[in-house]
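Asks: Model the structure of this input:
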Amino acid sequence: MEQVRATRAELLAKKKQIVLAYQGRDLLKEKRNALLQEFMRTAEQVMRGSDELERNVGESAAALALAEALDGPEAVRSAAFAARAQVTLEVTGVNVMGVPVPLIETKSVARSPLDRGYGLSSVSGRIDAAAQAFETQLDLIIELAASEMRLRRLAEEIGRTTRRVNAMDNVLIPRLEAQRDYIHIVLEEREREDLFRLKRVKLKLERRPRASPTA
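Replies: Numbers count the residues shown, from 1 in each chain. Here you go, the predicted model:
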């Protein structure tokens, strides 16, 4: 055990530190519980997003295959070249129980047929349907990526908070309580020694012969 001063002031200080340690530990547990609830909500979003994306992938592949089969690969490639566009993403952050969580902000990439860059008279409805399906797929991918980033950050913070709770439960609080008990034992021992010395002094005084009274 590290050296501690065995004084009453130090004993009071240790008791206060123990109270604060328990309060801090309890606050960390509350924070972890709140993070776990948010983690579960986000995990459900990720699962729903994954299922929706999986369905969309199948629909997009089917729409593309139909367009290529009936309109030809060249017509599909020409429309895809004309419809090319950039997607701008902005990553910001929000706070969840004091934890910064990344947030992807973007406008939907889905466009109307008039905004896709090709003439409506030059493409079939099948090609336009395929374009719409893949734009929807890109929206779903971005949304899912944002949820997965949030989920990963929450998981990291939950792990960090759990380690802090364990450190307080298994290291800090036991050490403070051991120091408190050590100081208490030393002080009690000192009190017993002081009491023993006082009794000895009293006994000696009682045994000392009294001076005889003068005539």
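Asks: Can you give me the separation between the most centrally placed residue in the chain and Arg164?
Replies: The chain has Glu157 as the residue nearest its centroid, 2.5 Å off, counting by C-alpha atoms, centre = their mean. Noted for Glu157: a distance of 10 Å to Arg164, by C-beta to C-beta, to the nearest Å. C-beta coordinates here come from the backbone N, C-alpha and C atoms, glycine included.
Asks: Just confirm the residue nearest to the centre of the chain contacts Ala34, I think it does.
Replies: No. If you go by C-beta atoms under 8 Å, Glu157 and Ala34 don't touch, sitting 10.6 Å apart.
Asks: Leu103 looks like it's in a helix, true?
Replies: No. Per DSSP: H, G, I helix; E, B strand; the rest coil, Leu103 lies outside any helix segment and is strand.
Asks: That one: neighbouring residues, count only.
Replies: Residues lying near Leu103 (other C-beta atoms under 10 Å) number 13.
Asks: One more: the one 10 residues further on?
Replies: Counted by other C-beta under 10 Å, the residues lying close to Pro113 total 15.
Asks: ditto for Asp71
Replies: 18.
Asks: Let me see the contact set for it.
Replies: Residues near Asp71 by C-beta atoms under 8 Å, 6 or more residues apart in numbering: 123-124, 126-127.
Asks: What of Ala145?
Replies: Ile104.
Asks: Looking at it now. What's its pLDDT?
Replies: If you check Ala145, the pLDDT there is 90.
Asks: quick check, it in a strand?
Replies: No. Assigned with three-state DSSP, Ala145 falls outside any strand and is helix.
Asks: where along the protein do the helices fall?
Replies: Assigned by DSSP state H, the helices in the chain fall at 8-71, 73-82, 125-167, 173-207.
Asks: closest to Asp115 out of those helices?
Replies: Nearest to Asp115 among the helices of the chain is helix 125-167 (10.4 Å), distances taken as C-beta to C-beta.
Asks: Flag whichever of the helices of the chain has the least confidence on average.
Replies: Of all these, helix 173-207 has the smallest average pLDDT, which comes to a mean of 85.
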